[in-house]
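J.: Predicted model follows, preceded by the sequence.
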Amino acid sequence: MQKMAEPLGLRNECGEGTSGAPALTGSCLADNRLNLDVYPDGCRRFLQLYKEQQGEVVQVEFLRLSSNDYLLDATLGSLPHLKHLKSLVLKGGHARDEFGSCQHGSLRSLPADFGNLRYLTHLDLSFNRLSTLPSCILHLPSLHVLLVSHNRLVTLPEDFGCLSKLTFFSAMKNHLKYLPQSIGELSMLQDLDLSENALELLPEEVGNLHNCTELDVSGNRLSSIPDSLANLKSLRRLHLHSNLLVTVPASLASLPNLSRLDLQNNCLRAIPAEIQALPFVRIRGNPLREAEPFLKADKSTTRRLQRLCLASGEGSFTVTSEGCSVVLACGTRFYFPPGAASDPLQIHFRSLTPDPQWVKLRHHDVLLSSVLELQPHGVQFQQEVQLWMPYISPQTPHQHEVVVRTFSEQSWSDLRTRVKRTRKKCVAHCCVLHFSWFLVVSRLVQNECRVPAEGTLLFSSVDPDIKVIFPPGVTKEPRSVKLQVLPVSAQEIQEITANAECRASPLLYLSQDSMVDFLKPVRIQLPLPPGVTGLNLDRSRLHILHGDLEGQTWNDITSEVVLEFTHLYAVFEVTHFSWYWLWYTTKTYIGGIAKKVYERLRLYQVNFIALQRKKDPEQVLLQCVPKHKVDPVLRKLQDRYRGPEPSDMVEMFEGEQFFAAFERGITIDMDRPDCVDGRLSFIFYSHLKNMKEIYVTSPVDRKGQAVKGQVSFYRGAVPDTIPEDASRRRKGPDSLWLATLPIKLPQLKPRWDENLSPLSGFSFPPLNLGNAETGFLTQANLLSIARRVGPDWRSIGLSLGLTYQQIERIGYNNREDLDKQILDMLFSWAQQNSEDPDCVNKLITAMKESGRQDIADEVEAILELGRQKYSESIRRVGLEQESSTEDSAIA
């Protein structure tokens with residue numbers, strides 16, 4: 001809920017006289033304001049003023065004091081004499097303990113004659129130690145605004161409803177267990193905030209608050225809400241998240257002005273269809289039954305829907321007008337409602353490795369999934385198809401959110417996404433009307449609004465102190481505006497700049513859907529950098545920086561804007577949008593420093609590892625791992641692999657390409673699809689595995705010696721956006737080099753005598769596993785695969801479906817020769833399954849289940865090469881037939 005904003009332009013109404021004694025200035029008396037909460041001895045100043053200039057002080061209408069002041073009790077007795085007082089703030093939280101937490105004020109009660117302040121309309125007692133609401137407050141006849149948040153209130157007075165003029169009431173962060181029935185008598189109440197209390201139920205009388213526009217009861221213990229809430233016809237925003245709700249009344253959907261309904265993080269297992277249909281409802285974090293969260297069809301229709309569960313290797317399914325639900329082997333799910341497709345439609349799908357040439361990530365985006373391609377592209381469904389995509393749980397801070405991104409109309413756009421997280425998996429849900437490419441990313445939290453000609457206010461949900469104010473007349477036609485914020489800690493700034501005096505505010509990014517500048521200046525409020533306040537501010541050290549869309553250039557626009565300051569904020573006006581950053585430093589040229597910091601914020605610290613399988617040293621695992629994940633990854637692999645220590649730390653961008661090259665007598669299969677000029681190609685994504693297992697060989701004779709080779713990692717190219725200091729380090733002949741790790745191939749006994757056929761003793765007929773379209777595996781292919789299999793052949797055989805007795809017999813019959821054991825197992829399986837069209841996919845699955853991803857990759861590469869040759873032969877035959885037809889026609 002948006003709280004009441006602090007007034008801008010706070011001024012120092014208490015000046016120092018020539019003798020050092022405080023004195024009220026004439027301008028202060030004109031404004032009738034005293035803002036003394038910014039002084040650590042504000043109460044002392046007030047008492048001295050009241051003693052020396054009582055006649056003037058009693059005319060004050062607006063007074064702010066800190067309740068952390070040790071002279072507060074002595075000051076309270078004087079306040080009832082300020083008969084003209086309209087606004088009184090007695091807040092705590094101005095002091096902090098040794099852990100940096102706000103300290104509550106010492107206020108526990110108010111004097112009885114406090115109720116004589118008959119003109120008081122605004123009272124703020126937040127961050128104090130009130131356990132009961134002082135009874136004198138109920139005698140304030142003009143009170144409109146009452147804030148008692150962050151106290152210790154357990155209950156409210158039974159006659160609380162006598163505050164008939166109250167329009168705003170906030171009691172968040174207390175210990176309230178129930179509400180008095182008289183709360184329904186607050187007929188003028190517009191905003192009611194009771195969040196983060198211990199409420200177990202709401203009285204039916206809450207439904208009498210007919211003028212209420214915003215109700216926040218989130219963070220309580222409510223298991224239900226009264227049906228009378230449907231009477232709140234003025235209600236616009238209803239916050240019910242983080243409760244224990246097991247049901248909600250469907251009548252909430254009938255509220256005519258409702259624009260936000262938050263039901264997240266409750267115990268809802270079912271939600272009425274009327275509420276599900278609301279475009280602004282939020283329901284993430286509920287234990288909803290699979291078919292109920294989003295399906296609007298009735299139960300009988302849902303039960304009749306066909307359910308398809310596709311196995312690994314399948315690449316298509318058919319959707320009819322009756323609808324269906326589909327589950328892919330990778331965990332992706334679809335729901336096609338009845339009527340989504342008017343005619344039977346064949347859907348083709350495949351998972352693609354992200355290519356940075358066309359998967360364009362924005363700054364500070366994090367990729368969380370592979371790319372899912374769905375065909376046919378562009379086909380328009382009659383109803384929305386629901387899509388659930390699994391993704392890797394992001395280890396990103398709270399300023400990020402997860403969205404599904406799709407490619408349409410030659411650009412990528414983000415879909416409205418709901419996220420479901422469990423201990424085992426994370427799933428992103430969205431609705432689409434056509435198919436193309438989809439992926440899951442984590443982006444900076446995005447707040448947006450529609451700016452009408454009348455103006456509006458937009459603030460950040462990451463940092464509510466960041467606000468953008470659009471005045472009336474700012475635009476002729478409504479336009480959409482988006483806001484994103486990237487908090488930057490003081491520690492990060494100091495580490496990158498090596499300057500303890502450099503400080504910066506959060507980064508603010510603004511964008512709009514119009515190419516035309518605003519007709520009037522837009523007002524931006526940013527918090528001052530950490531440790532800087534309006535009291536100790538040195539204006540010569542404060543800089544407003546404007547960055548371009550790519551963050552390549554940062555210009556100091558301090559002299560071009562009018563800066564206003566409060567105790568906590570800086571306010572300025574602009575007419576166009578981009579990046580804005582507030583810096584506080586003694587440096588004169590700040591643009592270069594800001595560029596360096598911005599680019600370093602986008603870099604990840606990583607290490608490379610190169611490990612060899614203990615049972616088969618020719619199988620090598622390569623991986624690029626973020627620095628904080630290196631130890632867990634090595635612990636997971638140490639039982640099966642051995643190798644050198646990880647490389648030194650290097651820095652890489654999300655989506656940056658790099659290569660692995662084997663050197664000094666070690667080679668790999670150059671026909672691999674991911675092999676470019678003899679080097680393996682990788683793309684670094686911080687939350688994906690960035691791992692490949694490959695089979696290496698040596699072109700030299702290894703009978704008498706081991707081979708001491710190495711693998712080196714290189715960048716694909718120096719990125720244009722690389723930091724200046726890093727670019728300098730990379731100049732020269734090794735500008736693209738990243739790291740080098742040793743690889744040692746030990747002296748090996750030949751697996752079989754090359755003069756003898758490896759199939760000696762076997763009389764299998766020629767084999768062609770698979771089919772022409774998907775690609776064959778021949779006898780030669782199986783022989784190549786057999787060379788890669790080692791002592792783990794038994795587990796592979798069991799995964800292929802051979803019985804334990806068969807495995808034991810093969811081992812006994814060939815007990816003196818490991819090579820014959822492997823060949824017997826592999827060709828026995830091949831002979832038994834030669835007629836099965838899906839046997840090749842079963843072989844790939846068995847290799848993966850046995851931990852031999854390298855062999856699975858090799859089989860898939862063989863199949864891909866076979867498919868290409870088949871397609872080329874079909875085209876060639878087609879051309880020959882066309883040529884023959886033309887020759888016949890000419891003849």
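T.: Cool, the structure landed.

J.: what's around residue 601, how many residues?
T.: As a burial measure, residue 601 scores 16 neighbours (other Cβ atoms under 10 Å). Placement of C-beta: from N, CA and C, glycine included.

J.: need the longest strand for this protein.
T.: strand 603-613 (DSSP state E).

J.: ok, that one: who's next to it in the sheet?
T.: Strand 603-613 has its sheet partners listed here by DSSP bridges as strand 619-626 (antiparallel), strand 641-642 (antiparallel), strand 650-653 (antiparallel).

J.: just checking, residue 592 is part of a helix?
T.: Yes - the assignment for residue 592 (DSSP: H, G, I helix; E, B strand; the rest coil) places it in a helix.

J.: what separates it from residue 552, distance-wise?
T.: Applying Cβ to Cβ, to the nearest Å, the value for residue 592 to residue 552 is 11 Å.

J.: same check, this time on residue 171
T.: From residue 171 to residue 552 the distance is 49 Å (Cβ to Cβ).

J.: Tell me which of these two has more neighbours.
T.: residue 171 (23 against 12).

J.: Now do the contacts for the more buried one.
T.: The contact partners of residue 171, by Cβ atoms under 8 Å, 6 or more residues apart in numbering, come to 148, 149, 151, 153, 156, 193, 194, 197.

J.: Tell me where the stretch 751-891 of the chain has helices.
T.: Secondary structure of the stretch 751-891 of the chain by DSSP state H, counting those that start in this stretch: the helices cover 779-788, 793-800, 804-813, 818-832, 839-849, 853-890.

J.: For those, which has the smallest mean pLDDT value?
T.: Ranked by mean pLDDT, the helices of the stretch 751-891 of the chain end with helix 853-890 at the bottom, a mean of 61.

J.: Contact partners for residue 379?
T.: Contacts of residue 379 by Cβ under 8 Å, 6+ apart are 345, 434, 435.

J.: how distant is the longest strand of the chain from the center of its chain?
T.: How far strand 603-613 lies from its chain's middle: 25 Å, per Cα atoms, centre = their mean, to the nearest Å.

J.: If you count neighbours, what's buried in that strand?
T.: Residues of strand 603-613 classed as buried under the neighbour-count rule (16 or more other Cβ atoms under 10 Å) are 603, 604, 606, 607, 608, 609, 610, 611, 612, 613.

J.: How about stretch 538-548?
T.: 541, 542, 543, 544, 545, 546, 547.

J.: Report the mean confidence score over it.
T.: 88.

J.: what residue ranges in the stretch 251-400 of the chain are flagged as low confidence?
T.: Scanning the stretch 251-400 of the chain for pLDDT under 70 picks out the ranges 289-304, 396-398.

J.: can you give me the helices for it?
T.: Under DSSP H, counting those that start in this stretch, the stretch 251-400 of the chain gives helices at 273-276, 299-304.

J.: among the contacts of residue 379, who's most crowded?
T.: Neighbour-wise, these (other Cβ under 10 Å) top out at residue 435, 24 neighbours.

J.: Provide the secondary structure category for that one.
T.: Applying three-state DSSP: residue 435 is coil.

J.: For it, give its distance to residue 650.
T.: 39 Å.

J.: Could you export the helices of the stretch 751-891 of the chain to JSON lines, including columns for distance to residue 350 and mean neighbour count?
T.: Formatted as JSON lines, these follow (distance: least, Cβ to Cβ, whole Å; neighbours: other Cβ atoms under 10 Å):
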{"stretch": "helix 779-788", "distance to residue 350": "23", "mean neighbour count": "17"}
{"stretch": "helix 793-800", "distance to residue 350": "24", "mean neighbour count": "20"}
{"stretch": "helix 804-813", "distance to residue 350": "35", "mean neighbour count": "14"}
{"stretch": "helix 818-832", "distance to residue 350": "27", "mean neighbour count": "20"}
{"stretch": "helix 839-849", "distance to residue 350": "14", "mean neighbour count": "20"}
{"stretch": "helix 853-890", "distance to residue 350": "12", "mean neighbour count": "13"}
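
J.: Which of those sits closest to residue 259?
T.: helix 839-849 (48.7 Å; Cβ to Cβ).

J.: Which strands or helices does the closest one pack on?
T.: Judged by 3 or more Cβ pairs under 8 Å, 6 or more residues apart in numbering; DSSP states H and E, the packing partners of helix 839-849 are strand 768-771, strand 775-778, helix 793-800, helix 853-890.

J.: can you rerun that using 6 Å?
T.: The criterion is 3 or more Cβ pairs under 6 Å, 6 or more residues apart in numbering; DSSP states H and E, and the helices and strands that helix 839-849 contacts are strand 768-771, helix 793-800, helix 853-890.

J.: shaky segments in the stretch 501-650 of the chain?
T.: 551.

J.: which one of the buried residues of stretch 538-548 sits closest to residue 364?
T.: Nearest to residue 364 among the buried residues of stretch 538-548, counting by Cβ to Cβ, is residue 547 at 13.0 Å.

J.: Just grab the bridge partners of that closest one for me.
T.: Going by DSSP bridges, residue 547 forms beta bridges with residue 554, residue 579.

J.: Hmm, it is touching residue 554, no?
T.: Yes - at 4.8 Å, residue 547 counts as touching residue 554 under the criterion of Cβ atoms under 6 Å.

J.: any chance you could map the strands in the stretch 201-350 of the chain?
T.: 214-216, 237-239, 260-262, 281-282, 306-309, 316-319, 324-327, 333-336, 345-352 (DSSP state E, counting those that start in this stretch).

J.: Make JSON lines out of those and add distance to residue 507.
T.: As requested, the strands of the stretch 201-350 of the chain are exported to JSON lines (distance: least, Cβ to Cβ, whole Å):
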{"stretch": "strand 214-216", "distance to residue 507": "29"}
{"stretch": "strand 237-239", "distance to residue 507": "28"}
{"stretch": "strand 260-262", "distance to residue 507": "27"}
{"stretch": "strand 281-282", "distance to residue 507": "26"}
{"stretch": "strand 306-309", "distance to residue 507": "46"}
{"stretch": "strand 316-319", "distance to residue 507": "45"}
{"stretch": "strand 324-327", "distance to residue 507": "41"}
{"stretch": "strand 333-336", "distance to residue 507": "37"}
{"stretch": "strand 345-352", "distance to residue 507": "32"}
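
J.: Walk me through the domains of this structure.
T.: Here the domain parsing of the chain from the TED database is 46-152, 182-288, 308-444, 447-601, 604-718+737-745, 768-876.

J.: All set, thanks.
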